[in-house]
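In: Give me a model of this one.
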Amino acid sequence: MKKIIVILLLILISACSEEKVQPELVKNISEGELPSHESWKSKIFFTDEGELKAVLFSDHLRKYERQNITLLEGVKIHFYDKNEKASSVLTSLRGKVDDLTRDMYAIDSVVAVNDSGTVLKTSELKWRNSDQKIVTDKFVSIKSSKEIIEGYGLESDQHLHNYVIFDVTYSATASNKKSK
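Out: Coordinates of the predicted model:
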């Protein structure tokens, strides 16, 4: 019995040595590359003088204060008209917000649908906060009850009611679908 107590005391004393275990640090990431804020299943409200303009939903949000950007994954944005009625919904796999200008970028599998059923599909677009316009220089496809238009470059209001495609590659009316 005394031998067991002596062995246990020796193990205890040797375990209390001065050698401390240091955690391994990741040295290839600088402080500026780590997000200052991070959240999951986020819901952000955008207002202007108390009026609801948009609600952004994101599965994963990372804010980088040094770079003044917020990166988003699993993006869904509801836009509202002047009566605070939902007027359009935009979804994308990823997104980015310029925290200085408040411009938003939708990236990868972008789909926007307005309240009258007009559907916009593209790979990337930008919502400019300054004039609340949607713009892109990428390939776009717009389908409405009246027409189908495809081409490169777009400028539209955020409600997809008034839009222009700059380099049209295909155009058809919804009724006869003939190329023009």
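
In: okay, CA-based contacts and neighbour counts for the rest of this
Out: Noted.

In: so is Ser130 in a helix, a strand, or just coil?
Out: When the structure is reduced to helix, strand and coil (DSSP: H, G, I helix; E, B strand; the rest coil), Ser130 reads as coil.

In: those strands in this protein, which residues are they?
Out: With DSSP state E, the ranges of strands along the chain come out as 37-48, 51-64, 69-80, 86-98, 104-114, 119-128, 133-143, 147-157, 163-173.

In: Reformat those strands as TSV; add mean neighbour count.
Out: Converted to TSV, those look like this (neighbours: other C-alpha atoms under 10 Å):
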stretch	mean neighbour count
strand 37-48	12
strand 51-64	19
strand 69-80	21
strand 86-98	21
strand 104-114	20
strand 119-128	20
strand 133-143	19
strand 147-157	19
strand 163-173	16
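
In: Mean pLDDT added to those, as CSV?
Out: Written out in CSV, the entries for the strands of the chain read as follows (pLDDT from 0 to 100):
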stretch, mean pLDDT
strand 37-48, 89
strand 51-64, 91
strand 69-80, 93
strand 86-98, 93
strand 104-114, 95
strand 119-128, 94
strand 133-143, 95
strand 147-157, 94
strand 163-173, 93
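
In: Just the CA coordinates for stretch 77-95, please, in CSV.
Out: Listed next in CSV are the C-alpha coordinates belonging to stretch 77-95 (Å, rounded to 0.1, in the frame of the first residue of the first chain):
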residue,chain,number,x,y,z
ILE,A,77,-32.9,40.1,-49.6
HIS,A,78,-36.5,41.4,-49.5
PHE,A,79,-36.9,44.9,-51.0
TYR,A,80,-39.8,47.1,-50.0
ASP,A,81,-41.6,49.9,-51.9
LYS,A,82,-42.5,53.3,-50.5
ASN,A,83,-45.6,51.8,-48.8
GLU,A,84,-43.3,49.2,-47.1
LYS,A,85,-44.9,46.4,-49.2
ALA,A,86,-42.6,43.7,-50.3
SER,A,87,-41.8,44.4,-54.0
SER,A,88,-39.0,42.0,-54.9
VAL,A,89,-36.8,39.2,-53.5
LEU,A,90,-33.2,38.6,-54.4
THR,A,91,-31.3,35.4,-53.6
SER,A,92,-27.6,34.3,-54.2
LEU,A,93,-25.2,31.8,-52.8
ARG,A,94,-22.7,34.5,-51.7
GLY,A,95,-22.6,38.3,-51.3
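
In: Touching that stretch from outside, list them.
Out: For stretch 77-95, contacts defined as C-alpha atoms under 8 Å, 6 or more residues apart in numbering pick out 51-57, 71-76, 104-115, 158-160.

In: go with 7 Å
Out: Outside stretch 77-95, the residues that touch it by C-alpha atoms under 7 Å, 6 or more residues apart in numbering are 52-57, 71-76, 105-115, 159.
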